[in-house]
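Visitor: Any chance you could fold what I've pasted below:
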Amino acid sequence: MSGRLANKVCLITGSTGIGAATVRLAAREGAAAFVVSRDEESCRALAEEIGCGYHVADLTRSGEVAAAVESCLARLGRVDALFNVAGVSGRKFGDGPVHECSEEGWEITMETNVKSVFLMCRAVVRRMLGQPVGEGGMRGSILNMASVLAFSPEPNFFATHAYAAGKSAIIGLTRAMAAYYAPSKIRVNAVAPGLTRTPMSLRAQQNHDLLEFMKIKQPLSEDLIEADDVARAAVFLLSDDARNVTGEVLSVDAGWRMS
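Guide: Model (predicted):
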């Protein structure tokens, strides 16, 4: 099979939104895709649609993460690429400005958005280090989900400080890993989307004032970004087209930072 991800095993966390869009595109680009999510219904739907493997797991629990990676290995034999997509908005748990943010909001946001990435990276890197170098000269590629809010805050509509802090932590982890694992031929990058049309952004999609603001804040789209646009960036960074790219944070923000 031809394509930018031909003969590669791609493990992707998250079975809706950007995760689902990337699974579909990765499959079209020749990858053997494997999905890990806590939502069995959407995992099963993707499996029926494109024939990918899947495993249902709570990614904040190390034992379940280990089982998910072993399930991928049992089915496909190796992991060439990992895309950490799964995460949450902590707003409904109490995330907000620091003086209003609840401890529950902080803890759930950090555990779901940061601890899960650490656990997945740890489990997959341990496997990648034992893999032979592939045709493109690499042992593996890891892509982490950051956010434009990590470095370009917006105080009126997006004052969720635990979320911003968590995404900033992911950028720090990404760059530290990139430096450490480059000699082992493992690339580590991050993608930082602006406001994207996903189930997690449903609240924003129903806010007229926010949609009007996006016409100015994201001038390239004058709207929310489509998940497929982020997926295309992700596939590039996971593929051998980006074999000399590591430690980068690629913004897909429709001009958010420049507006």
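Visitor: As a check, name the ranges of all strands in the stretch 101-250 of the chain.
Guide: Applying DSSP state E, counting those that start in this stretch to the stretch 101-250 of the chain gives strands spanning 140-145, 186-193, 196-197, 225-226, 249-252.
Visitor: Remind me what the fourth one packs against, helices and strands.
Guide: Using 3 or more CB pairs under 8 Å, 6 or more residues apart in numbering; DSSP states H and E as the contact definition, the elements that strand 225-226 packs against are strand 196-197. (Each C-beta comes from the backbone N, C-alpha and C, glycine too.)
Visitor: With the third one instead?
Guide: Using 3+ CB pairs under 8 Å, 6+ apart as the contact criterion, the secondary-structure elements in contact with strand 196-197 are strand 225-226, helix 227-238.
Visitor: For Leu238, give its distance to Val65.
Guide: From Leu238 across to Val65, the span is 19 Å (CB to CB, to the nearest Å).
Visitor: what about these two, which has more around it?
Guide: For Leu238 versus Val65, the count of surrounding residues by other CB atoms under 10 Å is larger for Leu238: 29 against 25.
Visitor: isn't that one right next to Leu143, touching?
Guide: Yes: when contacts are counted by CB atoms under 8 Å, Leu238 is listed as touching Leu143 (5.6 Å).
Visitor: what's the most buried one of the helices and strands packed on strand 196-197?
Guide: Comparing the helices and strands packed on strand 196-197 by mean neighbour count (mean count of other CB atoms under 10 Å), helix 227-238 ranks first with a mean of 22.
Visitor: just the CA coordinates of it, formatted as PDB?
Guide: The C-alpha trace of helix 227-238 is given here as PDB (Å, rounded to 0.1, in the frame of the first residue of the first chain):
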ATOM      1  CA  ALA A 227     -10.500  18.600  12.600                       C
ATOM      2  CA  ASP A 228      -9.300  17.400   9.200                       C
ATOM      3  CA  ASP A 229      -7.000  20.400   8.900                       C
ATOM      4  CA  VAL A 230      -5.300  19.500  12.200                       C
ATOM      5  CA  ALA A 231      -5.100  15.800  11.000                       C
ATOM      6  CA  ARG A 232      -3.200  16.800   7.900                       C
ATOM      7  CA  ALA A 233      -0.600  18.500  10.000                       C
ATOM      8  CA  ALA A 234      -0.400  15.600  12.300                       C
ATOM      9  CA  VAL A 235       0.100  13.100   9.500                       C
ATOM     10  CA  PHE A 236       3.000  15.200   8.100                       C
ATOM     11  CA  LEU A 237       4.700  15.300  11.500                       C
ATOM     12  CA  LEU A 238       4.200  11.500  12.100                       C
END
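Visitor: Can you check what angle separates it from strand 186-193?
Guide: Interaxial angle, helix 227-238 versus strand 186-193 (axes from the mean of the first three to the mean of the last three CA atoms, to 10 degrees): 160 degrees.
Visitor: Please name every helix or strand in contact with helix 227-238.
Guide: Using 3+ CB pairs under 8 Å, 6+ apart, the elements in contact with helix 227-238 are helix 17-28, strand 81-84, strand 140-145, strand 186-193, strand 196-197, strand 249-252.
Visitor: what's the closest of those to Leu129?
Guide: Between Leu129 and the helices and strands packed on helix 227-238, the shortest gap by CB to CB is with strand 186-193, which sits at 7.4 Å.
Visitor: Ala45: how many residues sit nearby?
Guide: Ala45 has 15 neighbours, counted by other CB under 10 Å.
Visitor: excluding its backbone neighbours, what's nearest it?
Guide: Spatial nearest neighbour of Ala45, excluding adjacent residues (CB to CB, 6 or more residues apart in numbering): Ser15 at 7.9 Å.
Visitor: so Val124 touches Leu143, yeah?
Guide: No: applying CB under 8 Å, one finds Val124 not in contact with Leu143, separated by 11.3 Å.
Visitor: The two: which has the busier surroundings?
Guide: The residue with more neighbours, out of Val124 and Leu143, is Leu143; 27 against 23, by other CB under 10 Å.
Visitor: Give me the secondary structure label for Ser42.
Guide: helix (DSSP: H, G, I helix; E, B strand; the rest coil).
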